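In: test case, fold it:
(chains A, B, C and D)
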Number of protein chains: 4
Amino acid sequence: MSESWKTVVPERDRQILERADMGKQEAWGLRPALLIVDVVRSFTGTKPQAVLEAIKEYTTSCGDSAWDTLPRMRAVLDAARAARIPVVFTKGDPDYKAFCGGSVKNEDPERARRLHSTPIADEIAPLDSEFVIRKTKASAFFETPLTIYLVKNGIDSLIVMGTSTSGCVRATAVDGQSHGYPVFVVSDGCFDRSPFMHDVTLYDLSTKYATIVNVASTIAYLKDFALKRAV
Amino acid sequence: MSESWKTVVPERDRQILERADMGKQEAWGLRPALLIVDVVRSFTGTKPQAVLEAIKEYTTSCGDSAWDTLPRMRAVLDAARAARIPVVFTKGDPDYKAFCGGSVKNEDPERARRLHSTPIADEIAPLDSEFVIRKTKASAFFETPLTIYLVKNGIDSLIVMGTSTSGCVRATAVDGQSHGYPVFVVSDGCFDRSPFMHDVTLYDLSTKYATIVNVASTIAYLKDFALKRAV
Amino acid sequence: MSESWKTVVPERDRQILERADMGKQEAWGLRPALLIVDVVRSFTGTKPQAVLEAIKEYTTSCGDSAWDTLPRMRAVLDAARAARIPVVFTKGDPDYKAFCGGSVKNEDPERARRLHSTPIADEIAPLDSEFVIRKTKASAFFETPLTIYLVKNGIDSLIVMGTSTSGCVRATAVDGQSHGYPVFVVSDGCFDRSPFMHDVTLYDLSTKYATIVNVASTIAYLKDFALKRAV
Amino acid sequence: MSESWKTVVPERDRQILERADMGKQEAWGLRPALLIVDVVRSFTGTKPQAVLEAIKEYTTSCGDSAWDTLPRMRAVLDAARAARIPVVFTKGDPDYKAFCGGSVKNEDPERARRLHSTPIADEIAPLDSEFVIRKTKASAFFETPLTIYLVKNGIDSLIVMGTSTSGCVRATAVDGQSHGYPVFVVSDGCFDRSPFMHDVTLYDLSTKYATIVNVASTIAYLKDFALKRAV
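Out: Got it, this is the predicted structure:
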């Protein structure tokens, strides 16, 4: 598992940020939900290929990094289902984006409709019993019913995976912290078209808003969770 | 004026991000508001000094970069007042943060109270006629009356300055875009304890959520604005 | 035009409320939007009939009052289209309600799915160019992209029609005022399963949150609006 | 205990509303919070007197009904403290209302400042350990940190008292239901300048958004709660 996010920031800046003392790990929750952000075909592309090629198919595509991440996402998703914790998926709403502008500036209605009408990737497709939220903007929380669902289910913490790390995942993690939830971002369960922005985002989140975990530690937590529930 | 934010990201990543085509400049608005985020004493420190020293006074302090930026902020503020556009200031609310957690994870009530009880820096102090919002979390929009004020004043765009670039400024810019406003972030009107995070944040915002401007171009726009109003 | 809402409240209570001095009319706006709340088949029923009969078809049905109101709604809608002001429709989202609970307490997923899968009434069907918002809760604003659309379109005031007067119309009017918009509720463009609650709601809104208008005065305003635009 | 709210609505309307079947009682929660809405001196007045007299002192004053209710509120507050459940108070924020408009239309800045600068009534004054929220609009939830506090404290239900029943209490109850919380409104722990609007509001809430309880049943529940915690 790549830990490159821990060293992408220059040493002097890390020294400052660590002294500012905002980076402590948070403890896993007792009633977590898994949130899978925007893993739709227009972000994975229709097949594995270099990102500069993939962008020609969909400008939002992240290329090979998506396809490397999908099996790891699936492993976390399987563990969450085995632990019977709520799983929530998000995707862009093409109509809402066409009428209200997209997650990024300058998104015109036609582009919004084309990019956000693609389905969630088959590899991690939601079950009928899992909640799928259609969102207008970057954050999964922004003007969506996500908080209602979290309150109704007594959720106390969020595990976040998805794409792009620097865009919708980050905005969701910031809003999750703002809403009062400890947020656990799965580093190797996220992907971004820019490896550099992926790493810097994880580092930045770790110093401010989220605890960065990885697929292995998340699955271990969820297995332990399932075990305790079974007892 | 430093333009280092344009080159901080490795060339290959910039190539990807530019092909993804999200970076177009937006046009200045007709009814802008100026938003000055969190420029309180605990972020500037009580005097100019190296950031690693400044952190010993307040863990949130940004050191010399704050004091370099304050006169430039003041120049933009003066131009905004001359143009008679609404100016809004934000600062942390020590009580709200004590009861609800701060902008960052793991903020305990005592730390929150100490860091957020300091006043807005004298150098850019608000007038009685200017709106000061006390916020709980990173974004100036999060559970504050900011949107009400913007609607009441018919605002169509936001000019954002303040600190930290990678924290509250960024969260505010993302939320501003989400709420439907074109957001103009003044690169040399913002500061951060980490010069690297300052630059990367500006680049990232420029590819997704905001148009990055500088103090000189912002003042030119505001002068033009004042002139047209005078006619 | 029934003005019964002006006298439904006992005289002594009206005397108190009028002295509390909250009832002044607001001036019509310069950039209004028309909002049509929840006029779907499960609220009108499939045909005109007495409300106690209609409830047997759909528990949300409002019976004859719906069918009396539909042609008046249509007249306002036609005037709004002629004036080329933005028109927004809302309807319940059956999935969101199934996962998050409905507009009212105790709404189970099956009931939510059945009641909110019906289409907007043909008599006032939206055009492709008109924004349709699917909502989870009573207010058209609650966790929906409505505010984004209003900001993007520079809207300064809201004209509200729909159903039920005491439920989703009222919640929307209260939230509209909270968001900073003057709200004009069209008394005879709204309906409710209870004539008494319809009248009391209009009176209560008039003393606190909204200016109560009628179909005739709204059409006159919109015609004047269209005329000025044409000049 | 007055139960007049059960009969204030004409019988035929009640028959319709009861057949629409929205009125079922909800079960008390396991982690409740008590919310006391806007019980400040400008709503109680400085002394007990008839409401038409009281309005001359503060236009928001509710007269004798406030003073009749205060001891009952105090009894519930004492029971909540004994049960060690979180207690949250709200009051208007005079500055926010001056800049953003008040809870009701047409509220000018001076009136807002005068009415909302008065303190919470001594009879039920908050402790230092209790959260006081300053709000801009009718609902305790609207652009305030209330939801963050509820999430942080794992709250699953709300007990609501305060004033005015038809204004801020009602708006708070509707938003509480929207946010996903069962809401218990204490009928004789609320007051309104209009006895009629008080009663109609309670009936309307009972058919849509809240379970109406009274002081006696609320205290019984809280005592039981304290007892179980003590075991």
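In: all strands of chain A, in order?
Out: Assigned by DSSP state E, chain A shows strands spanning A:32-37, A:87-92, A:131-135, A:157-163, A:183-191, A:211-213.
In: how far away from the center of its chain is the fourth one?
Out: To tie it back to what came earlier, the one meant is strand A:157-163. Centre-to-centre, strand A:157-163 and its host chain are 4 Å apart (Cα atoms, centre = their mean, to the nearest Å).
In: relative to chain C, which of the strands of chain A is closest?
Out: Among these, strand A:131-135 comes nearest to chain C, with 4.6 Å by Cβ to the nearest Cβ. In this view, the C-beta of every residue, glycine as well, is placed from N, C-alpha and C.
In: now A:Arg81. Nearest residue, chain neighbours left out?
Out: In this structure, A:Arg81 finds its nearest non-sequential neighbour in A:Val87, 6.8 Å apart by Cβ to Cβ, 6 or more residues apart in numbering or on different chains.
In: wait, what's in contact with that neighbour?
Out: Neighbouring residues of A:Val87 by Cβ atoms under 8 Å, 6 or more residues apart in numbering or on different chains: A:33-34, A:36, A:77, A:80-81, A:126-127, A:130-131.
In: is it possible to get TSV of the strands of chain A that adds mean pLDDT?
Out: Listed next are these as TSV, based on pLDDT from 0 to 100:
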stretch	mean pLDDT
strand A:32-37	98
strand A:87-92	98
strand A:131-135	98
strand A:157-163	98
strand A:183-191	98
strand A:211-213	97
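In: before we move on, the earlier item: of the contacts of A:Val87 - the most surrounded one?
Out: The residue in the contacts of A:Val87 with the most neighbours, by other Cβ atoms under 10 Å in any protein chain shown, is A:Ile36 (29 neighbours).
In: thought it was touching A:Phe89?
Out: Yes: counting by Cβ atoms under 8 Å, A:Phe89 is a contact partner of A:Ile36 at 5.0 Å.
In: who does the residue nearest to A:Arg81 form a beta bridge with?
Out: Beta bridges link A:Val87 to A:Leu34, judged by DSSP bridges.
In: ok, the closest residue in space to A:Ala20 that isn't next to it in sequence - contacts?
Out: Counting by Cβ to Cβ, 6+ apart, A:Ala20 lies nearest to B:Thr59, which is 5.1 Å off, once chain neighbours are set aside. Neighbour list for B:Thr59: A:19-22, B:111, B:115 [criterion: Cβ under 8 Å, 6+ apart].
In: which among the residues you listed end up buried?
Out: Buried subset of these (neighbour count, 16 or more other Cβ atoms under 10 Å in any protein chain shown): A:20, A:22, B:111, B:115.
In: any idea how far the second one lies from A:Tyr209?
Out: Distance of A:Met22 to A:Tyr209, computed by Cβ to Cβ, to the nearest Å: 9 Å.
In: helices and strands around the helix ranked longest in chain A, which ones?
Out: Secondary structure assigned by DSSP state H gives helix A:64-82 as the longest helix of chain A. For helix A:64-82, the elements it packs on are strand A:32-37, helix A:41-44, helix A:51-57, strand A:87-92, strand A:157-163, strand A:183-191, helix A:215-230, judged by 3 or more Cβ pairs under 8 Å, 6 or more residues apart in numbering or on different chains; DSSP states H and E.
In: let me know the angle separating that helix from strand A:87-92.
Out: Counting by axes from the mean of the first three to the mean of the last three Cα atoms, to 10 degrees, helix A:64-82 lies at 150 degrees to strand A:87-92.
In: in helix A:64-82, what's buried?
Out: Buried residues in helix A:64-82 (16+ other Cβ under 10 Å): A:65-67, A:69-70, A:72-73, A:75-77, A:79-81.
In: now do that helix: distance to the chain's middle.
Out: Averaging C-alpha positions (Cα atoms, centre = their mean) puts helix A:64-82 12 Å from its chain's average.
In: now do that helix, average pLDDT.
Out: Computed over helix A:64-82, the mean pLDDT rounds to 98.
In: now that helix against strand A:32-37, angle please.
Out: Using the same axes, to 10 degrees: helix A:64-82 against strand A:32-37 is 150 degrees.
In: and for helix A:64-82, what's in contact with it?
Out: With Cβ under 8 Å, 6+ apart as the test, helix A:64-82 has contacts from A:34, A:36, A:39, A:43-45, A:47-51, A:54, A:87, A:121, A:123-124, A:127, A:159, A:161-163, A:186, A:188-193, A:195, A:198, A:215, A:218-219, A:222-223, A:226.
In: and those, which are buried?
Out: Neighbour-count burial (16+ other Cβ under 10 Å) applied to the contacts of helix A:64-82 gives A:34, A:36, A:39, A:43-45, A:49, A:51, A:54, A:87, A:121, A:124, A:159, A:161-163, A:186, A:188-193, A:195, A:198, A:215, A:218-219, A:222, A:226.
In: how about stretch A:188-207 and chain B, any contact?
Out: Yes: contact of stretch A:188-207 with chain B (Cβ under 8 Å from any Cβ of the partner chain) involves A:193-197, A:200, A:204, A:207.
In: which of those residues fall in helices?
Out: A:195-197, A:200, A:204, A:207.
In: residue ranges in chain A under the pLDDT threshold?
Out: Judged by pLDDT under 70, chain A has its weakly predicted residues at A:1, A:23, A:231.
In: phi, psi of A:Gly63?
Out: When read as degrees, to the nearest 10, the backbone of A:Gly63 gives phi 70, psi -150.
In: I'd assumed A:Ile55 was in contact with it.
Out: Yes: look at A:Gly63 against A:Ile55 with Cβ under 8 Å: they come within range, at 7.5 Å.
In: any residues in contact with both of those two?
Out: Residues within reach of A:Gly63 and of A:Ile55 at once, by Cβ under 8 Å, 6+ apart, are A:Arg193.
In: ok, A:Phe191 - contacts?
Out: Neighbour list for A:Phe191: A:62, A:65-66, A:68-69, A:163-165, A:198 [criterion: Cβ under 8 Å, 6+ apart].
In: how near is it to A:Val51?
Out: Counting by Cβ to Cβ, the gap from A:Phe191 to A:Val51 is 10 Å.
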